[in-house]
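Trainee: Here is my input; please provide its structure:
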Amino acid sequence: MKSKVPLLLLALILVIGLISIAGCDDPEPVEEAEEEPEEAVEEEEEAVPADVKDVSWSITSSASGWYAWKATYASLVNEHSDLINVTAVEAGGAQEAFEMLLEDMILIGNSNSLERDKAAEGEDIYAPGHPDLRALVLGASAPNNLAVRADSGIESFSDLEGMKINPGGMGTATEQITQNVLEVLGIEPDYQFMGMDDAIDALRDGHIDGFFKTAATPDAPDAVIQELQMTADIRTIGLTEEEADMIRDANVAFIYEVPAGTYENQDEDLLAKGTAYVSQTKKDNLTREEAYDFALVGFTMQEKLEDTTPGPIMEDIIDVQLAAAPYYWHAGVIDLLLDLGYELDDLPEEIIPPEF
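Mentor: Coordinates of the predicted model:
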């Protein structure tokens, strides 16, 4: 009996050792923990088709009321298109966004329609010209409102002579149009160039006498001017009919009527200079099908943009764009118009591109 005890103890120790070794060497739990994240990553990568084209769209400053609208627009395009994935790229303003397009830094850029005309024809800084520009979708028909301090003594545009005026946020179309308009009118302010946030503070503190600020639509007040009127004595100033005619004749800005009561203490309709903002591309930046998908959101999904639109949605956006962008539209946008029920013979001849 005594001789069997060591043998039994030895056998018991061997069994316990084998069980311990088997437990430590089992690789299955470790392999499963490592493989699960790898499989998840592969599934995410496969969710984006390889043939979807990345499209950069230079929009506007994040301080603009239109920034959220355009970011939402890009998301809607991505949701409904199997061809393109749009990335919204912040810019200082429409002018900067347009220059990014012209320099081939991005595929789509916003611009005011007046600058687009100059660029296409090669006028001024745009020589020798960019005839391959094509319109996509209207962003806004926007007045540039002039807001001044009540204690500045400014009662009309002619009173801007020698006054400290911010022509619009730096890099914006508003800034450029203001200078063009006042040059036509023969008025030379003491321009104060700065970003919009700095201009707001400067006007409130009395360091400048006034500034120009673009509103979303003629009949919707600009939120910045509204806010200023709650904390400072600010009023809006309009053009005379004669000044408006001079601006129209020189083709440096559109003229909009801002209805009475749009702003505090505005008892009469005001005439304001302004522009129309249109997303632009170059004819070879997008295929017809890709341009179709981009324009489809703007022309048929306005109600989905309502929550982020600074002003009332443009239910008649196509008719407004026909008036604001009388130059070549992308062939894919013409395809969309035909699918929406328009007849080719009824469309303005000047919007049909040669490649259509």
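Trainee: For residue 323, identify the helix or strand it belongs to.
Mentor: helix 317-324 (DSSP states H and E).
Trainee: what mean pLDDT would you report for the helix or strand that that helix is followed by?
Mentor: Once the chain leaves helix 317-324, the next helix or strand it forms, by DSSP H and E, is helix 331-339. For helix 331-339, the mean per-residue pLDDT is 97.
Trainee: How far does helix 331-339 sit from its chain's centre?
Mentor: Relative to the centre of its chain, helix 331-339 is centred 22 Å away, using Cα atoms, centre = their mean, to the nearest Å.
Trainee: Quick one: work out the angle between it and helix 317-324.
Mentor: Going by axes from the mean of the first three to the mean of the last three Cα atoms, to 10 degrees, helix 331-339 is angled at 130 degrees with respect to helix 317-324.
Trainee: ok, and for helix 331-339, which residues are buried?
Mentor: In terms of neighbour count (16 or more other Cβ atoms under 10 Å), helix 331-339 has its buried residues at 331, 332, 333, 334, 335, 336, 337. Placement of C-beta: from N, CA and C, glycine included.
Trainee: show me where pLDDT drops low in the chain?
Mentor: Applying pLDDT under 70 to the chain flags the ranges 1-49, 311-312.
Trainee: quick one, domains of it?
Mentor: 53-141+276-351, 142-275 (automatic domain parsing).
Trainee: So what touches the helix holding residue 323?
Mentor: The contact list for helix 317-324 (Cβ atoms under 8 Å, 6 or more residues apart in numbering) reads 113, 135, 137-138, 141, 254, 276, 278, 298-299, 302, 314, 337, 340, 342, 347-348, 351.
Trainee: Show me where the stretch 1-150 of the chain has its strands.
Mentor: Secondary structure of the stretch 1-150 of the chain (DSSP state E, counting those that start in this stretch): strands at 53-58, 84-89, 108-112, 133-149.
Trainee: Just say which of those strands is most tucked in.
Mentor: Mean neighbours per residue, mean count of other Cβ atoms under 10 Å, is largest over the strands of the stretch 1-150 of the chain for strand 108-112, with a mean of 28.
Trainee: If you count contacts, what does it end up packed against?
Mentor: Strand 108-112 is packed against strand 53-58, helix 94-102, helix 173-184, strand 270-282, with contacts defined by 3 or more Cβ pairs under 8 Å, 6 or more residues apart in numbering; DSSP states H and E.
Trainee: mind saving the C-alpha coords of the shortest one as PDB?
Mentor: Extracted in PDB, the C-alpha atoms of strand 53-58 (Å, rounded to 0.1, in the frame of the first residue of the first chain):
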ATOM      1  CA  LYS A  53     -16.100  60.400 -56.800                       C
ATOM      2  CA  ASP A  54     -14.900  62.700 -54.100                       C
ATOM      3  CA  VAL A  55     -16.100  66.200 -54.900                       C
ATOM      4  CA  SER A  56     -14.800  69.200 -52.900                       C
ATOM      5  CA  TRP A  57     -17.200  72.200 -52.700                       C
ATOM      6  CA  SER A  58     -15.800  75.500 -51.500                       C
END
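Trainee: Walk me through which strands it pairs with, and which way each runs.
Mentor: strand 84-89 (parallel), strand 108-112 (parallel) (DSSP bridges).
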